[in-house]
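Q: Here is my input, please return the structure:
(one chain, ligands or ions: 2)
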Amino acid sequence: MLTDLLTRCQEWLFETLIQPLMFHAGLSSFLEDAYDGTLWLLAGVIQIIVIIGLIGPLERWRPVEAVTDRRSVRLDVVYTLIHRLGLFRIALFFTIDPLWDALTSKLHLSGLDGWHLDQLWVGVTDVAWVSLILYLLVFDLVDYFYHRAQHRFRWLWALHAVHHSQRQMTMWSDNRNHLLDDVIRDSLIVLVSQLIGVPPGQFILIVAIMQLVETFSHANLRMSFGGLGQRLLVGPKFHRKHHSIHYDASEPGPKGGYNFAVLFPLWDLLFRTARYDGDYEPTGIHDQTPQHGSRDYGQGFFSQHWLALKRMVGIRGVGWTRPPGRRADPHTVSPADTGDARPGA
Ligand SMILES: [Zn+2]
Ligand SMILES: [Zn+2]
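A: Ligands and ions are numbered 1, 2, ... in the order given. I've put the predicted structure just below:
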């Protein structure tokens, strides 16, 4: 029923908008790919509707802090639209996709893509909702370790800092990432989906679920899922702790980072990186405060990308985020330095 409705919407969107545009631009040889891409566009439109219609009112109802920097929020909206409405995907199609296709056929030739996770226990793991949960768990575990790497390796942190430098975190902040960071992460996810044999139709659903939970967990929203709930699913309180300006997020190891999980806090609990103490804290990177040098991470899309590349190129070696023996106290930034998160206005 739902699948039928989505297919009809996909056809309608393709025939009324995408197909005429493609003909007009002389790109009719890509019509088949564009039809598949229309489903991603549709998923993005549905997500934007949910963000504005559902999460937006929640943010206005119980905000963690007043929105004072509207310019930086508007920039996060741009990041989100680039991602969810297909611009990023179109760019990938013309740049990285040929590489992915080459890699996929290499995997195929090596017989590495013949395995299907949902065939693990026939009759159980091939039930649609069971396989969906299994896929989500696998992708989430990959995301957890990629996120740990983003905080551990200096060159990856240089890119990931774009995401953490937002001091006005809202439901639009999830896609505020360096494009190179997104390419690396997406390539990893595509590779894993090939290795565990995720059907393309389910892949879109999985990505959409993950993106919506990520959007919600960045919301400027005073909402916890309760003692048990916040151990089952990542929510705004759990992820805000990860963005806290009160510790040096570039510090290697758990000292510099907590609550890395995207969907399931299970991984943080398992690998001892979960933290549930404290309240809703102000977000940002410790060295943005005057006491730690007021580092500039850029105010616009291009400056944020350029400064990240400069930070990355300036690193000698690709080792840990900080040489051993020079570790800063992770709690050297006091709330007085940063201004506590204010109750919503
Ligand atoms: Zn992070
Ligand atoms: Zn985040």
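
Q: Can I get the helix or strand hosting residue 80 in PDB? Just the C-alpha atoms.
A: Assigned by DSSP states H and E, residue 80 belongs to helix 70-84. The C-alpha trace of helix 70-84 is given here as PDB (Å, rounded to 0.1, in the frame of the first residue of the first chain):
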ATOM      1  CA  ARG A  70      19.800  33.100  12.700                       C
ATOM      2  CA  ARG A  71      22.400  33.500  10.000                       C
ATOM      3  CA  SER A  72      24.200  30.300  11.000                       C
ATOM      4  CA  VAL A  73      20.900  28.400  11.200                       C
ATOM      5  CA  ARG A  74      20.100  29.600   7.600                       C
ATOM      6  CA  LEU A  75      23.400  28.200   6.500                       C
ATOM      7  CA  ASP A  76      22.500  24.800   8.100                       C
ATOM      8  CA  VAL A  77      19.300  24.900   6.100                       C
ATOM      9  CA  VAL A  78      21.400  25.300   2.900                       C
ATOM     10  CA  TYR A  79      23.500  22.300   3.900                       C
ATOM     11  CA  THR A  80      20.300  20.300   4.500                       C
ATOM     12  CA  LEU A  81      18.700  21.200   1.200                       C
ATOM     13  CA  ILE A  82      21.900  20.400  -0.700                       C
ATOM     14  CA  HIS A  83      21.900  17.000   0.800                       C
ATOM     15  CA  ARG A  84      18.200  16.000   1.100                       C
END
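
Q: which residue packs closest to residue 36, ignoring adjacent ones?
A: The shortest distance from residue 36 to any non-neighbouring residue, by Cβ to Cβ, 6 or more residues apart in numbering, is to residue 200 (7.8 Å). Every C-beta, even on glycine, is put in place using the N, C-alpha and C of the backbone.

Q: just residue 141 next, same as before
A: residue 267 (6.2 Å).

Q: Just give me the neighbour total for the residue nearest to residue 36.
A: Neighbourhood size, residue 200 [other Cβ atoms under 10 Å]: 9.

Q: From residue 39, how far off is it?
A: Separation of residue 200 from residue 39 (Cβ to Cβ, to the nearest Å) stands at 9 Å.

Q: Repeat that for residue 20.
A: Taken as Cβ to Cβ, the span from residue 20 to residue 39 is 18 Å.

Q: So between the two, which is more surrounded?
A: In this view residue 20 and residue 39 are compared by other Cβ under 10 Å, and residue 39 has more residues nearby, 19 against 11.

Q: Report all helices and strands that the helix holding residue 80 contacts.
A: Contacts defined by 3 or more Cβ pairs under 8 Å, 6 or more residues apart in numbering; DSSP states H and E place helix 70-84 against helix 31-50, helix 301-313.

Q: Which one of the ones you listed lies nearest to residue 65?
A: helix 301-313 (21.6 Å; Cβ to Cβ).

Q: Go through the closest one and flag the buried ones.
A: Counting neighbours by 16 or more other Cβ atoms under 10 Å, one finds that the buried residues in helix 301-313 are 304-305, 307-308, 311-312.

Q: centre of the chain versus it, how much separation?
A: 19 Å (Cα atoms, centre = their mean, to the nearest Å).

Q: What of stretch 151-158?
A: Distance, stretch centre to chain centre, for stretch 151-158: 16 Å (Cα atoms, centre = their mean).

Q: show me what contacts residue 148?
A: 257, 260, 273 (Cβ atoms under 8 Å, 6 or more residues apart in numbering).

Q: Can you give me the separation between the spatially closest residue to the second one that is not a sequence neighbour and residue 163?
A: Spatial nearest neighbour of residue 260, chain neighbours left out: residue 147 (4.3 Å); criterion: Cβ to Cβ, 6+ apart. From residue 147 across to residue 163, the span is 10 Å (Cβ to Cβ).

Q: just residue 79 next, same as before
A: For residue 79, the distance to residue 163 - Cβ to Cβ - is 10 Å.
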